[in-house]
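Asks: Fold the following.
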Amino acid sequence: MQHQKRYILYALFLLACTSVVQAEDSVWILYPEDRAASISGNPLMLEGRASQVGFRVRLTINTTEIGSAITDDSGFWSFTTYDVWDGLYTATADLMDSRDAIIATTTISFTVHNPPIISIENPEDGAIVGNPVTVSGRASLPLAKVII
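Replies: Purely as a prediction, here's the structure:
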């Protein structure tokens with residue numbers, strides 16, 4: 001009887017030692033870094049990693065959902081968006097399960113500071129124009145004086 005108790009205790013010990021320990025699901029934003037000094041928002045690239053492969057990562061800037069990405073075979077994901085103006089932003093990445101329930105979330109803050117840009121929209125590059133020529137475009141700075 002004492003032998004049987006030892007075997008049962010040993011079996012319970014082995015079972016406890018070999019059970020699979022599940023880590024909690026997680027998602028990280030690796031770029032931009034939290035509280036990044038100053039990055040460009042045109043384009044703005046968000047990159048990260050999650051604990052799950054082939055899962056959807058929903059991305060939100062401030063309170064607006066901007067899109068989603070699917071994690072690759074290593075759990076990495078990336079998303080690019082354009083025309084993010086200068087300012088302080090909060091980005092949130094939510095790891096979603098197959099029922100669109102959030103199973104992990106992370107949030108970072110960063111500052112966007114875009115270099116000034118100017119573009120000519122009319123006439124198009126390479127267009128043949130007559131006389132007089134009308135030129136129009138846009139500048140990223142409000143009330144900027146543009147000399148042609």
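
Asks: Would you indicate which residues of the helix or strand containing Trp28 are buried?
Replies: Secondary structure from DSSP states H and E places Trp28 in strand 27-31. Of all the residues in strand 27-31, those buried under the rule 16 or more other CB atoms under 10 Å are 27-29. C-betas here are computed from N, CA, C, even on glycine.

Asks: can you tell me the average pLDDT over that strand?
Replies: Taken as a whole, strand 27-31 has a mean pLDDT of 96.

Asks: what does stretch 79-98 give?
Replies: Computed over stretch 79-98, the average pLDDT equals 93.

Asks: Go ahead and measure how far it is from the middle of the chain.
Replies: On the basis of CA atoms, centre = their mean, to the nearest Å, stretch 79-98 sits 5 Å off its chain's mean C-alpha point.

Asks: Pull up the distance across that stretch, start to finish.
Replies: 20 Å (CA to CA, to the nearest Å).

Asks: residue ranges of the strands in the chain, please?
Replies: With DSSP state E, the ranges of strands along the chain come out as 27-31, 36-39, 44-50, 56-61, 64-70, 76-81, 87-96, 102-112, 118-122, 136-139.

Asks: Mind putting these into CSV with distance to Val146?
Replies: Below are those laid out as CSV (distance: least, CB to CB, whole Å):
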stretch, distance to Val146
strand 27-31, 34
strand 36-39, 25
strand 44-50, 26
strand 56-61, 30
strand 64-70, 31
strand 76-81, 27
strand 87-96, 24
strand 102-112, 23
strand 118-122, 6
strand 136-139, 6
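
Asks: so which of these gets nearest Val129?
Replies: strand 118-122 (9.5 Å; CB to CB).
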